[in-house]
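**Q** one predicted model, sequence on top.
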Amino acid sequence: MPVNLKDYPATDFFDETLERPNRSRSHATGLARLLRTLNDDELAARQASAELAIKEMGITFSVYSEDEGTIDRAWPFDILPRIIPKDEWDRVEAGLIQRARALNHFIDDIYHEQRIVTAGIFPPEVLAKSKNFRPQCVGVSPPLGVWAHICGSDLVRDRDGTLYVLEDNLRVPSGVSYMLENRLVTKRVFPELFDRYAPLPVDGYAAQLYDTLCQLCPRRTEHPEIAVLTPGIYNSAYFEHAYLAQQMGCELVEGRDLFVDDDDCVYMHTVSGPQRVDVIYRRIDDDFIDPDTFRADSTLGVKGLFRAWKAGNVGLANAPGAGVADDKVVYAFVPDFIRFYFDQEPLIPNVPTYRCMFDQERAYVLANLATLVVKPANESGGYGMLMGASASNAERERFARLIRADPRNYIAQPTLGLSTVPTIVEGRIEPRHVDLRPFILSGRTTQVTAGGLTRVALRRGSLVVNSSQGGGSKDTWIVDTEEP
Amino acid sequence: MLSRVAENIYWMCRYIERAESIVRVVSVNANVQLDLPKGVAPGWKPLIDVLGANTVFEARYREYGERQVVRFLLGDRDSSSSVRCCLMSARENCRTVRDILPREAWQYLTELQLYVEDNLQAGLTRKGRYEFLDRIIRGCQMTLGLLGSVMTRDVGYQFLRLGRNLERADMTTRFIDMRLTVPQSKKRLDPTVIGTVQWVNVLESLSAYQMFRRKMQARVQREHVLWFLFMDDEFPRSFMHCLNAVEESLGTLDNNRPCLLAVRQVIKDLDQTDVQNLDTATLGVLVDRLQRGLMDVHATVARMYFLPPVEAA
């Protein structure tokens, strides 16, 4: 049986590939044409070959389970790429650059004069209750005035086709290695599509990251010593840490490999003795990077690391304290940051967000819990949320109490109808919801990956894209539809 | 190279080598039980003795019977003297250095560990034992062979070699030690016959029998075996060969003086000893001294090259 797009169910969500069943969007006609030439078995064979490639390439993520401890799982991947036209992407890219620059301005401002607070735009009480504001960072000036060198901003497309920023990940965003590996797998699976489309390449990321990190080197040296700091093999993103270290040709270190000497410089233990480290791409949260400064019970970090950074003897990416802008309440103010610092309108909108700290907005939220999604300020991975539409009355009442007790800690957003992309599910092509995480590198310049990591909720109807909760991923193509 | 990485490579190799040695000694001991009359055969306790695992063993079992010892040496979950634990440790050490070693190393160790977990029960039966042990030996050799044939001869390789040769030297002394404890028998048997059987088995334990015959072209006699296993520089499991290899590897590293001094001390000690003609008691003393020497070499390597121990908080 040939692959059939006629039976593709029509939904009221925006589909990225098909305008309606059997009618592809103009940028996706090439993909649809190819699918029509394949039969079900051929499609299944291609999916199987992708799965084999993933196994062979050792692309895994780690899951912790009570019974088995930490296990490596093969990365769930769907072979049908998600295609975004380049003219749309150009606008998104400009918007992400604008946003990343505004976020860095904000962080730098917060740790210095706090002009935005004085101007009455950002309420001081939000700052006072911020979990990720680090008083230790006040007055510190990292190189280039940049704090969040690597930012992963999640984009979602609502029913009307508009792309919104859902959140900004400024602490230790992960997923970029999967974006890179997805492309390699797709090249093996659909080589003929590349002739037709020539999607913008993504493989420059490791080199761009390396260059960005080099800009943080405190010494004048031809070859800065750069290290990727991982919490260790039991971290769910360990694969990525190892992958990036390998791609950049630098050391993958754990906290115990490093020490800070009396000269306030960071060294790693090598078999030839201590060796100075110039820049650390740390994949450990602020809380755990230095027991002398942050959580004293951390065994993952390096004693004195903060001191060395403050003294300007080591570059840290992201800088400690950058997480202050990685807060769902702060998120709600980002459009204001853009207006305040640049006197520009945001190029990509935020999802409409109600801030429970403001009486009027809270009243609206409490009155409309059944249609809203409520999120705590500082959780990630979809934890601690209320999905109002599907929650029980008791759940909604519990959240109402939580919101009244600590309004600063909650925001609410309308339930979005995430866009869908055709996805192979048990041999059939069905719509599944997706989001998109592009990665933005900030140094002397600001660069955005061409596309990013498309995460897909593999369960029917599910909006949860996290790999730990049944999510998978797709290759994301930015294609120039102007060309013949 | 990071100290931690060097340490992981070193231990990975030691554990693979140790697993193979334990498998071999179990296999050979099973044979010797069949070759010698009951009451003369040394039983199974000496295996636990030479591995210095008596305390842990006795916490688990009341008697040193074949079933208990074999179960302990092959399948114990926690003792560093069990094959299962050694392979688990080898794999854990490999895990963080996967990207530095040839990709297949991780794959082979994973397969081997899975094999052991899946087939342990069969391997504990007398019928299934031979195949089980044989598969493990092949798995260990395949992994070490892979590493030896494709790894760049850089610093990491030197630590691999250090781990392998120190472990081998250690095991060689332990196997010799085991045969020094000949059980007293009331039955009158020709002691040279028993002696021969026992020394043949030492050689077999070390995969040395064939090489011994070719090299020595002599009957298997105590003094020849001792010379061969201690002094022969050409046989890769002889103590002297292993130590020379250790010295050679250390020679390529930075800051190697303290380590070289430690290993040369052991070499000198052995050079000045007439191993062939030592009586059993003196030989026992020598073995103890050599083992302490190896521990000293290890401690010096650890101090000079590995991560410093975590400071007590």
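**A** Okay, I see it. Numbers count the residues shown, from 1 in each chain, chains lettered A, B, ... in the order given.
**Q** so what's the residue in the stretch 101-250 of chain B that chain A sits nearest to up against?
**A** Closest to chain A within the stretch 101-250 of chain B is B:V155: 5.9 Å, counting by CB to the nearest CB. Placement of C-beta: from N, CA and C, glycine included. Residues in contact with B:V155 (CB atoms under 8 Å, 6 or more residues apart in numbering or on different chains) are A:271, B:1, B:6, B:252-253.
**Q** kindly report the same for A:S467.
**A** Listed by CB under 8 Å, 6+ apart, the contact set of A:S467 reads A:61, A:75-76, A:455, A:473.
**Q** same question for B:S238.
**A** Listed by CB under 8 Å, 6+ apart, the contact set of B:S238 reads B:172, B:228-232.
**Q** could you redo the last one with a cut-off of 6 Å?
**A** Contacts for B:S238 (CB atoms under 6 Å, 6 or more residues apart in numbering or on different chains) come out as B:229, B:232.
**Q** where's the most centrally placed residue in chain A relative to chain B, distance?
**A** For chain A, the residue nearest the mean C-alpha position is A:G152 (3.4 Å; CA atoms, centre = their mean). Distance, A:G152 to chain B, using CB to the nearest CB, to the nearest Å: 24 Å.
**Q** do A:R25 as well
**A** In this view, A:R25 and chain B are 41 Å apart by CB to the nearest CB.
**Q** so that residue touches A:F14, yeah?
**A** No - with contact defined as CB atoms under 6 Å, A:R25 and A:F14 do not form a contacting pair (10.2 Å).
**Q** could I have stretch B:262-272 exported to CSV, CA atoms only?
**A** C-alpha atoms of stretch B:262-272 as CSV (Å, rounded to 0.1, in the frame of the first residue of the first chain):
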residue,chain,number,x,y,z
ALA,B,262,59.7,1.7,43.3
VAL,B,263,59.6,-0.7,40.3
ARG,B,264,63.4,-1.0,40.1
GLN,B,265,63.5,-1.9,43.7
VAL,B,266,61.3,-5.0,43.1
ILE,B,267,63.3,-5.9,39.9
LYS,B,268,66.6,-5.7,41.8
ASP,B,269,65.2,-7.8,44.7
LEU,B,270,64.2,-10.6,42.3
ASP,B,271,67.5,-10.3,40.3
GLN,B,272,69.4,-11.0,43.5
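**Q** for it, what is the distance to the chain centroid?
**A** Put simply, stretch B:262-272 sits 20 Å off its chain's centre (CA atoms, centre = their mean, to the nearest Å).
**Q** about what we covered before: inside helices: which ones of the contacts of A:S467?
**A** Using DSSP state H, no member of these falls within helices.
**Q** looking at those, spot the one nearest chain B.
**A** So of the contacts of A:S467, ranked by how close each gets to chain B (CB to the nearest CB), first place is A:F61, at 14.9 Å.
**Q** okay, now the nearest residue to B:R237 once chain neighbours are set aside: neighbour count?
**A** Nearest non-adjacent residue to B:R237, counting by CB to CB, 6 or more residues apart in numbering or on different chains: B:L206, 4.9 Å away. Using other CB atoms under 10 Å in any protein chain shown, B:L206 has 25 other residues around it.
**Q** shouldn't B:L206 be in contact with B:P236?
**A** No - under the criterion of CB under 6 Å, B:L206 is not in contact with B:P236, lying 9.9 Å apart.
**Q** helix or strand for A:Q275, which one?
**A** For A:Q275, the host element (DSSP states H and E) is strand A:273-276.
**Q** parallel or antiparallel, list what pairs with that strand.
**A** strand A:266-270 (antiparallel) (DSSP bridges).
**Q** show the contacting residues for A:L103.
**A** A:L103 neighbours (CB under 6 Å, 6+ apart): A:148, A:325.
**Q** so it versus A:M57, what's the distance?
**A** Per CB to CB, to the nearest Å, A:L103 is found 34 Å from A:M57.
**Q** for the one residue in chain A that gets nearest to chain B, grab the count of nearby residues.
**A** Residue nearest to chain B within chain A: A:H269 (4.0 Å; CB to the nearest CB). For A:H269, the count of nearby residues is 22 (other CB under 10 Å).
**Q** hmm, back to that, now do the residue of the stretch 101-250 of chain B closest to chain A, the pLDDT please.
**A** You'll see B:V155 listed with a pLDDT of 94.
**Q** and the pLDDT for the nearest residue to B:Y108 once chain neighbours are set aside?
**A** Leaving aside its chain neighbours, B:Y108 sits nearest to B:T143 (4.6 Å; criterion: CB to CB, 6+ apart). Note for B:T143: predicted pLDDT of 96.
**Q** A:G381 now?
**A** You'll see A:G381 listed with a pLDDT of 61.
**Q** element containing residue 7?
**A** Defaulting to chain A. Applying DSSP H and E, one finds A:D7 in no helix or strand.
**Q** nope, chain B
**A** For B:E7, the host element (DSSP H and E) is helix B:3-35.
**Q** buried sites along that helix?
**A** B:3-30, B:32 (16 or more other CB atoms under 10 Å in any protein chain shown).
**Q** any idea how far the one residue in chain B that gets nearest to chain A is from A:E225?
**A** Closest contact between chain B and chain A, by CB to the nearest CB, is at B:S3 (4.0 Å). According to CB to CB, B:S3 stands 15 Å off from A:E225.
**Q** need the helices for the stretch 1-150 of chain A, in chain order.
**A** A:29-37, A:40-56, A:86-110, A:115-118, A:124-128 (DSSP state H, counting those that start in this stretch).
**Q** contact partners of the last one?
**A** Translated: helix A:124-128. A:117, A:133, A:329.
**Q** once you drop chain neighbours, what's closest to the second one?
**A** Meaning A:F133. Residue nearest to A:F133 in three dimensions, not counting chain neighbours: A:V324, with 4.6 Å by CB to CB, 6+ apart.
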